[in-house]
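Student: Pasting the sequence and the predicted coordinates here, then a few questions.
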Amino acid sequence: MKKDFTFNIKSVSLDENYHPSTNTRITTNFANLARGEYRKANLRNALNMINNRFNALAHWDNTKGERYAVELEIISVEIGIEDGGESFPSIEILKTNIVDHKTNKRIEGIVGNNFSSYVRDYDFSVLLQEHNKGKPQFSIPDDFGVLHGKLFQSFVNSDTYKQNFKKPPVICLSVSDNKTYNRTENQHPVLGVEYEPNESSLTEQYFKKMGLQVRYFMPPNSAAPLALFFFGDLLNDYSNLELISTISTMETFQKIYRPEIYNANATAGKSYKPNLKNLDHSLTQIVYDREERGKLANEQGKFAQEHFIKPYQTVLEQFSTSYLS
């Protein structure tokens, strides 16, 4: 019986010379930026935005706002399926590293940040749609997200993960446009003001099966809260610089592909409902194909079904039954 999987990690720098590999999920935000006529300018501008935001948040002992720079690594995780060497591209995440120009030190940041997964594409774009086809009322399969959640936890608990990363991952997503978020009195010096949603979302439930909790914070001078998914104690397990590396990186991506929310000209109030049709927002000077990204999620969900879910169904069922998360 298959009780666990092996994992293999590959790393590539995300800089202005980055080219997506043939195995990269091209729905991934940074891969989308790195294609086409403006790829190099896109990447350079995005990295400048990240560095400027980092220095604005890490303002102490940083008079000129030039002390820090963020370096990004794309971490691609392949899952080993059988002893014969078969593998499947599982997830892609981002690792931040911080360069302190004042001390000439390189500080390890946070792994996670952006989260991209073939099996998640399958769950949302194939499985969920097939389950609801022809039904008058939307519903969720009983085991929705269980396999994906156990695969993710198996990776985080693996020797491969522990040998490469010092701390558990933090994943940062945009808020949902079908929920209302209410400001609380809780405030963190870096993460900012905490918000609480009026109800749980399908995404929250899905990430809970991955073992992750969620909290919502709006950092200083931001337009909207960010959703931060984590293990343990978010506020005490990570340093301010580590948290700033995640905020500056993911807020930049959100401004690029969710400008209606994160580059809005009005800041979220005490009660906030995100609106993707908000016209009162500014665009960045970065080209991003949001429509293409949505289409590719469907294609890559079908790819996962064809090359992973169906051919290894028995193995995956055995793993899902035996793995204790």
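Tutor: Yep, it's here.
Student: Could you identify the helix or strand that succeeds the host helix or strand of Met49?
Tutor: Here Met49 sits within helix 39-57, counting by DSSP states H and E. Later in the chain than helix 39-57, the nearest helix or strand by DSSP H and E is strand 68-80.
Student: Quick one: the strands in this protein, in order.
Tutor: Counting by DSSP state E, the chain has these strands, from start to end: 6-14, 68-80, 87-100, 105-117, 170-174, 181-188, 192-197, 213-218, 226-230, 271-272.
Student: ok, so what distance separates Ala227 from Asp142?
Tutor: To Asp142, Ala227 is 25 Å away according to Cβ to Cβ, to the nearest Å. (Each C-beta comes from the backbone N, C-alpha and C, glycine too.)
Student: returning to what we had before: need the strands of the chain in TSV (columns: distance to Phe207 and mean pLDDT).
Tutor: Below are these laid out as TSV (distance: least, Cβ to Cβ, whole Å; pLDDT from 0 to 100):
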stretch	distance to Phe207	mean pLDDT
strand 6-14	19	90
strand 68-80	17	94
strand 87-100	13	92
strand 105-117	9	94
strand 170-174	7	96
strand 181-188	17	97
strand 192-197	13	97
strand 213-218	6	98
strand 226-230	5	98
strand 271-272	21	96
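Student: Export these as CSV, with columns for mean neighbour count and distance to His131.
Tutor: CSV is the format used below for the strands of the chain (neighbours: other Cβ atoms under 10 Å; distance: least, Cβ to Cβ, whole Å):
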stretch, mean neighbour count, distance to His131
strand 6-14, 15, 29
strand 68-80, 20, 24
strand 87-100, 21, 23
strand 105-117, 21, 19
strand 170-174, 22, 23
strand 181-188, 15, 29
strand 192-197, 19, 25
strand 213-218, 20, 24
strand 226-230, 23, 24
strand 271-272, 16, 32
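Student: just checking, Val126 touches Phe303?
Tutor: No: using Cβ atoms under 8 Å, Val126 is not in contact with Phe303, being 9.8 Å away.
Student: Restricting to C-alpha, output stretch 174-192 in CSV.
Tutor: The C-alpha coordinates for stretch 174-192 follow below in CSV (Å, rounded to 0.1, in the frame of the first residue of the first chain):
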residue,chain,number,x,y,z
SER,A,174,-6.5,38.0,-2.7
VAL,A,175,-9.7,38.5,-0.8
SER,A,176,-12.9,37.1,-2.2
ASP,A,177,-15.3,39.4,-4.1
ASN,A,178,-18.4,37.6,-2.8
LYS,A,179,-17.7,38.2,0.9
THR,A,180,-17.8,41.2,3.3
TYR,A,181,-14.8,41.9,5.5
ASN,A,182,-15.1,43.8,8.8
ARG,A,183,-12.3,45.8,10.4
THR,A,184,-11.3,44.7,13.9
GLU,A,185,-9.4,46.6,16.6
ASN,A,186,-6.4,44.3,16.2
GLN,A,187,-3.4,45.9,14.6
HIS,A,188,0.1,44.6,13.8
PRO,A,189,3.0,47.0,13.0
VAL,A,190,3.8,45.3,9.7
LEU,A,191,0.7,43.3,8.7
GLY,A,192,-1.5,46.2,9.6
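Student: what does that stretch contact?
Tutor: Stretch 174-192 is contacted from outside by 57, 193-199, 201, 203, 216-220, 222, 224-228, 234-235, 240, 243-244, 247, 254, 258, 261-262, 268-276, using Cβ atoms under 8 Å, 6 or more residues apart in numbering.
Student: so which of the strands of the chain comes closest to Ile286?
Tutor: Nearest to Ile286 among these is strand 6-14 (14.1 Å), distances taken as Cβ to Cβ.
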